[in-house]
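Chemist: Generate a structure from the sequence data that follows.
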Amino acid sequence: MNQAAVSIPEKIFFKIGEVCDITGIQAHVLRYWESEFPMLAPQKNRAGQRTYRRRDVEMVLRIKELLYDEQYTIAGAKKKLQSDLRGASKLKVVTPEMSAGQIAQETIPQAAPPPAAATPPTQSQTLTTTTLPAPTSRTSETNEVVPSSTMNAVPTNAQRIAMQRLKDQLHELLVLLEPPQQRP
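Modeler: This is a model prediction of the structure:
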């Protein structure tokens, strides 16, 4: 079964029954997979019901493909997914001002390794403080600098989408960084 052959509706959240209908997997199997695959971690709403996001549904389809089509064992599929996630760990930098095309092109560069023998800071270096200027932003129309305190406090829809993407990316990164024994 190819993931591209399955049509995932354009929604933000999916209930477990909807995910079952989309993927053809029964609810008890999904709950079992959640316990076996740490990268499949739907959030729960206030009522305690699982709320899957599009990436969770895509992960279910990938797990289904590995287990049913490619005949991986649970352990083998888990290792394969972890190696795939490590390979795709180049996170994209998303800012509210970026267009969709820019979001697809921007990536975070790999961090440079620390120097071999770092010297500890001297007392004068540790006592030095720097006063930072007040945060500012540039308006898109006139490109003038505007203090952040005068900016509109209500985020735009594009800003909300960018913040949600960033939150999702941070959640995925935190899942990858958790030691295996602490994962649910």
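Chemist: mind listing what's buried in the lengthiest helix in the chain?
Modeler: When the chain is parsed with DSSP state H, its longest helix is helix 157-177. Buried residues in helix 157-177, defined by neighbour count with 16 or more other CB atoms under 10 Å: 162, 166, 169, 172. (C-beta placed from N, C-alpha, C; glycine too.)
Chemist: Can you pull out the low-pLDDT segments for this structure?
Modeler: For the chain, the stretches flagged by pLDDT under 70 are 1-4, 89-155, 179-184.
Chemist: Okay, strands next: where are they in it?
Modeler: According to DSSP state E, the chain carries its strands in the segments 43-44, 50-51, 136-138, 145-147.
Chemist: circling back to that earlier point, which strands or helices does the longest helix of the chain pack on?
Modeler: For helix 157-177, the helices and strands in contact under the criterion 3 or more CB pairs under 8 Å, 6 or more residues apart in numbering; DSSP states H and E are helix 74-87.
Chemist: and the nearest residue to residue 24 once chain neighbours are set aside, how many neighbours?
Modeler: Among residues not flanking residue 24 along the chain, residue 64 sits closest, at 7.6 Å (CB to CB, 6 or more residues apart in numbering). Per other CB atoms under 10 Å, the neighbour tally for residue 64 reads 20.
Chemist: Next, work out how far apart residue 64 and residue 177 are.
Modeler: 26 Å (CB to CB, to the nearest Å).
Chemist: Next: residue 68.
Modeler: When CB to CB is applied, the distance between residue 68 and residue 177 equals 30 Å.
Chemist: and if you look at residue 26?
Modeler: Residue 26 sits 31 Å away from residue 177 when distances are taken as CB to CB.
Chemist: do the same with residue 157
Modeler: Counting by CB to CB, the gap between residue 157 and residue 177 amounts to 30 Å.
Chemist: Same check on residue 162?
Modeler: In this structure, residue 162 lies at 22 Å from residue 177, with CB to CB as the measure.
Chemist: Kindly report the same for residue 167.
Modeler: Note on residue 167: its distance to residue 177, by CB to CB, is 16 Å.
Chemist: Could you do residue 51 as well?
Modeler: When CB to CB is the yardstick, residue 51 and residue 177 sit 23 Å from each other.
Chemist: Then residue 169?
Modeler: Distance from residue 169 to residue 177, counting by CB to CB: 13 Å.
Chemist: can you tell me which residues contact residue 15?
Modeler: By CB atoms under 8 Å, 6 or more residues apart in numbering, the residues touching residue 15 are 49, 50, 51, 52.
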